[in-house]
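**Student:** Fold the following, please.
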Amino acid sequence: MPPADERPRRGPLIALTYRAAIDEPARFQRSRSVGAHFGLAPRTHQSGEIERRGRITKNGDETLRSALFEAALVLLRPQAKPSALKAWGLRVAKRRGMAKAMIAVARRLSVILHRMWVDRVPFRWTAEPAQA
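**Tutor:** Numbers count the residues shown, from 1 in each chain. Sure, this is the predicted structure:
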């Protein structure tokens, strides 16, 4: 097995999968709706005054959803580089459990990737605001 520095990374494959699935970023008016389009939104059950949220809908491209889930899994590992997204995901995991945190991070990652694509900016590992 090659050393860790020579192994292929998942990032380029996930980015390519994302770009192929979205195809045209302008078809989404809000970056926030991308995750729901690919089935990373909770299913809602409504009846009268009762509204319950269930598991994710799993609509849309399964390949992209699993790629985003894998990216979230890698991001939340202890060996991963610290970032604001990782810290947020670990706070969610503490409250709701790791499975739900991975879904939440995958959805937030889809929003971040869309925004990066539209604005043409690189990922910021820190939580500092972007320079205008």
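**Student:** longest helix of this protein?
**Tutor:** Assignment by DSSP state H gives helix 98-119 as the longest helix of the chain.
**Student:** Just the helices from this structure, written as ranges.
**Tutor:** 11-22, 34-37, 62-75, 84-96, 98-119.
**Student:** Tell me who's in contact with the nearest residue to Gly54 once chain neighbours are set aside.
**Tutor:** Excluding its sequence neighbours, the residue lying closest to Gly54 (C-beta to C-beta, 6 or more residues apart in numbering) is Arg43, at 4.0 Å. For the C-beta atoms, the positions are set from N, CA and C on the backbone; glycine is no exception. Each residue near Arg43 by C-beta atoms under 8 Å, 6 or more residues apart in numbering is listed here: 53-57.
**Student:** Out of those, which is nearest to Arg9?
**Tutor:** Ranked by distance to Arg9 (C-beta to C-beta), the contacts of Arg43 are led by Ile56 at 26.3 Å.
**Student:** in the sheet, who's paired with the closest one?
**Tutor:** Beta-bridge partners of Ile56, counted by DSSP bridges, are Pro42.
**Student:** gap between it and Leu85?
**Tutor:** Distance from Ile56 to Leu85, counting by C-beta to C-beta, to the nearest Å: 19 Å.
**Student:** likewise Arg43?
**Tutor:** 24 Å.
**Student:** now do Ile50
**Tutor:** Taken as C-beta to C-beta, the span from Ile50 to Leu85 is 33 Å.
**Student:** Same question for Arg91.
**Tutor:** Separation of Arg91 from Leu85 (C-beta to C-beta): 11 Å.
**Student:** Please tell me how far the residue of the chain most remote from its centre sits from Leu13.
**Tutor:** Using C-alpha atoms, centre = their mean, the residue of the chain lying farthest from its centre is Gly48. It sits 32.3 Å away. Applying C-beta to C-beta, the value for Gly48 to Leu13 is 46 Å.
**Student:** Fine by me, we can end here.
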